[in-house]
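Asks: sequence and predicted structure, then a few things I'm wondering about:
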Amino acid sequence: MSPARVVLDEADMVRAVRRMAHEIIEKSRGVDNIVLLGIPTRGVHLAQRISSAIHDIEGRLVPCGTLDVTLYRDDLRMRQVRALETTSIPSEGIDHRTVILVDDVLYSGRTIRAALDALNDIGRPAAVRLAVMVDRGHRELPIRPDFVGKNLPTSQEETVRVQFAESDSCDEVVIEQIATGVAGT
Amino acid sequence: MIGRHLLSTEDLSQEQAIAILDTTAELAAVSDRSVKKLPTLRGRTVVNLFFEDSTRTRLSFELAAKRLSADVITFSAKGSSVSKGESLKDTALTLEAMGADAVIIRHSASGAPFRLANAGWIGGSVINAGDGTHEHPTQALLDAFTLRRHLRSGAGDLAGARVVIVGDVLHSRVARSNVRLLHTLGADVTLVAPPTLLPVGVDAWPCNISYHIEDALPTADAVMMLRVQAERMAGSYFPSALEYSRLYGLDARRLRLLSSEAIVLHPGPMNRGMEISAEVADSPQAVIVEQVTNGVNVRMAVLYLLLGGAEPTTSTKEGV
């Protein structure tokens, strides 16, 4: 396995988050009606960073929660049963609001498809938007992000890891070659 | 994660038990939504195979399976081929031929679920919904979940929690499952019953024994009252229902011996006025109705953990 290549360091990630926060505020024309929902695990850290950045800019706290999509995945029968992560919808709910789904990496798009199905059973948002730190291409479904930290063309032999200090050693985005014979996630 | 079957709480490690409780906590949120449905077990067939009467447990499993979008068939012994003398084996083969992914079995013979799971008659998962006087694992799990919610803020294990179980331990599969599971989760269990209602060998169980309910109540964090099967009274286990109730029943006076934070559980159905007074059953410390809600959620968690991944016989690829 060739060594991991750092494509975004801590400072780059801070700038990307700040820019995405500005874009979100601009596109939503203020922060009145938005809800951030992070997809566990790393989407949650990113959602909190974005919420914090929005607070720095607008002085207001956007409702921020988590949305676990495990039960809506389309590949459950392909491997051993997965542990569930936490779903926590803010008390304001999602009806008539703009939900911004937040995830670390956008790849095939299947996770987001599952998230849309989950949202459908929870309520009826006015709109759903997608914010990701990295868009690495290779979409298998017609899904596209609204707010992107970094567009990273990759090959399918590579894996992209977005690391956050909350669960990893530090903040950085890393690409590495995966060992042959092991399927990617 | 928890193996292919759920037959007994004895089979569950602490890690597995906590995994079930944590999964239950996540699934509980579904019951609060307006769309109480998850697509996860769509296309799976779950059979309720009930050889003994039960409304509560059967409905609970049925609802749990339906909330996960599974198809449910209920087979109850009365008015079925069993009353015509069909054996467990043939019933099992029939269900297998119909494509059951999971069989939830309640049977009067201890060990029937084990037989069903290991005889090679069916390929799916077996869940024990109560076998004879042996075990009732999902009841113990929902009791543990209820205890954890109230005594440990809904997380972790039950280390140090003092649980008192009062009643007909001799005939109770609920007591057996609870003693084992609570011990696995680190709780301190005390059984309270007249000597005639304690099984031989109970001193080898991982719990304390007492014949005096009032000795056990003041330090208890939770009390679980077991139904006395009224049909047993002719078997001389105690002189009269009144005497049993006076010595071992939980009434308002004894409720006041408990700490105000302590909770009262009962697996149901209750004999109000016998092992538990109406006043206690309706008091704010009683969590009996919540146990029913938790029962549905626990059974959803068990069904998800058994059926929500690749079928064990077909997953031959490592790590995929």
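Replies: Looks like it came in fine. Since this is a predicted model, take the numbers as computed values, not measurements.
Asks: tally up the residues packed near residue 124, please.
Replies: No chain in the question, so chain A it is. When neighbours are defined as other C-beta atoms under 10 Å in any protein chain shown, A:Arg124 has 11 of them. Quick note: C-beta positions are derived from backbone N, CA and C, even for glycine.
Asks: nope, chain B
Replies: B:Gly124, neighbours per other C-beta under 10 Å, totals 23.
Asks: need the contact list for it.
Replies: Going by C-beta atoms under 8 Å, 6 or more residues apart in numbering or on different chains, B:Gly124 touches B:Glu96, B:Ala100, B:Asp101, B:Ala102, B:Val103.
Asks: nearest spatial neighbour of the second one, chain-adjacent residues omitted?
Replies: It refers to B:Ala100. Sequence neighbours aside, B:Val47 is the residue nearest to B:Ala100 in space, at 4.5 Å (criterion: C-beta to C-beta, 6 or more residues apart in numbering or on different chains).
Asks: equivalent analysis for B:Lys66, please.
Replies: Per C-beta to C-beta, 6+ apart, closest to B:Lys66 is B:Val72, 5.9 Å.
Asks: part of a strand, is the one you found?
Replies: Yes - counting by DSSP: H, G, I helix; E, B strand; the rest coil, one finds B:Val72 located in a strand.
Asks: return the member of the contacts of B:Gly124 nearest to chain A.
Replies: Checking those against chain A by C-beta to the nearest C-beta gives B:Asp101 as the nearest, at 11.0 Å.
Asks: surely the closest one touches B:Thr45?
Replies: Yes - contact criterion C-beta atoms under 8 Å: B:Asp101 and B:Thr45 qualify, at 5.2 Å.
Asks: what residue lies at the spatial centre of the chain?
Replies: Went with chain A since none was named. Central residue of chain A (C-alpha atoms, centre = their mean): A:Asp103, 0.8 Å from the mean position.
Asks: ah, I was thinking of chain B
Replies: Mean-position check on chain B, C-alpha atoms, centre = their mean. Result B:Gln139 at 1.2 Å.
Asks: so which elements touch the host helix or strand of it?
Replies: For B:Gln139, the host element (DSSP states H and E) is helix B:137-151. In this structure, helix B:137-151 packs against helix B:14-28, helix B:56-67, strand B:125-131, helix B:173-184, strand B:222-225, strand B:263-265, helix B:288-307, with contacts taken as 3 or more C-beta pairs under 8 Å, 6 or more residues apart in numbering or on different chains; DSSP states H and E.
Asks: ranges for the strands of chain A?
Replies: A:5-8, A:34-38, A:64-66, A:98-106, A:127-135, A:147-151, A:158-163, A:172-177 (DSSP state E).
Asks: ok, B:Ala102 - contacts?
Replies: B:Ala102 neighbours (C-beta under 8 Å, 6+ apart): B:Arg44, B:Thr45, B:Val46, B:Val47, B:Gly124, B:Ser125, B:Val126, B:Ile127, B:Leu303, B:Leu306, B:Leu307.
Asks: how close does it sit to B:His134?
Replies: Applying C-beta to C-beta, to the nearest Å, the value for B:Ala102 to B:His134 is 20 Å.
Asks: ok, B:Gly124 next?
Replies: Applying C-beta to C-beta to B:Gly124 and B:His134 gives a distance of 21 Å.
Asks: which residue sits closest to residue 24, ignoring its sequence neighbours?
Replies: Reading this off chain A. Of all residues not flanking A:Ile24 in the chain, A:Phe147 sits nearest, at 5.9 Å (C-beta to C-beta, 6+ apart).
Asks: that was the other one, I meant chain B.
Replies: B:Ala301 (4.2 Å).
Asks: and B:Thr74, how many neighbours?
Replies: Around B:Thr74 there are 14 residues (other C-beta under 10 Å).
Asks: quick one, what contacts it?
Replies: Taking C-beta under 8 Å, 6+ apart as the definition, contacts of B:Thr74 comprise B:Val47, B:Asn48, B:Phe50, B:Arg58, B:Glu62.
Asks: the helix or strand hosting the first one to helix B:56-67, inter-axis angle?
Replies: Assigning secondary structure by DSSP H and E places B:Val47 in strand B:45-50. Relative orientation of strand B:45-50 with respect to helix B:56-67: 180 degrees, computed using axes from the mean of the first three to the mean of the last three C-alpha atoms, to 10 degrees.
Asks: how far away is the nearest residue to B:Gly186 once chain neighbours are set aside from B:Asp221?
Replies: For B:Gly186, ignoring the flanking residues on the chain, the nearest one in space by C-beta to C-beta, 6+ apart is B:Ala159 at 3.4 Å. As for B:Ala159, its distance to B:Asp221 is 12 Å (criterion: C-beta to C-beta).
Asks: swap in B:Ser177?
Replies: For B:Ser177, the distance to B:Asp221 - C-beta to C-beta - is 19 Å.
Asks: backbone dihedrals for the closest residue to chain A within the stretch 51-200 of chain B, please?
Replies: Here the stretch 51-200 of chain B gets closest to chain A at one residue, B:Leu68, 8.2 Å apart by C-beta to the nearest C-beta. Main-chain dihedrals, B:Leu68, degrees, to the nearest 10: phi -90, psi 10.
Asks: quick one: contacts for the closest residue to it other than its chain neighbours?
Replies: Using C-beta to C-beta, 6+ apart and skipping the chain neighbours, the partner closest in space to B:Leu68 is B:Leu41 (4.0 Å). B:Leu41 is in contact with B:Ala65, B:Leu68, B:Ser69, B:Ala70, B:Leu303, B:Tyr304, B:Leu307, B:Gly308, counting by C-beta under 8 Å, 6+ apart.
Asks: am I right that B:Leu41 falls within a helix?
Replies: No - counting by three-state DSSP, B:Leu41 is not found in a helix; it is coil.
Asks: got phi/psi on A:Ala4?
Replies: According to degrees, to the nearest 10, A:Ala4 has phi -70, psi 140.
Asks: again with A:Arg139
Replies: Torsion angles, degrees, to the nearest 10, at A:Arg139: phi -70, psi 140.
Asks: what is the burial count for the residue in chain B positioned nearest to chain A?
Replies: The nearest approach of chain B to chain A comes at B:Gly309, 3.0 Å away (C-beta to the nearest C-beta). B:Gly309: 17 surrounding residues under other C-beta under 10 Å.
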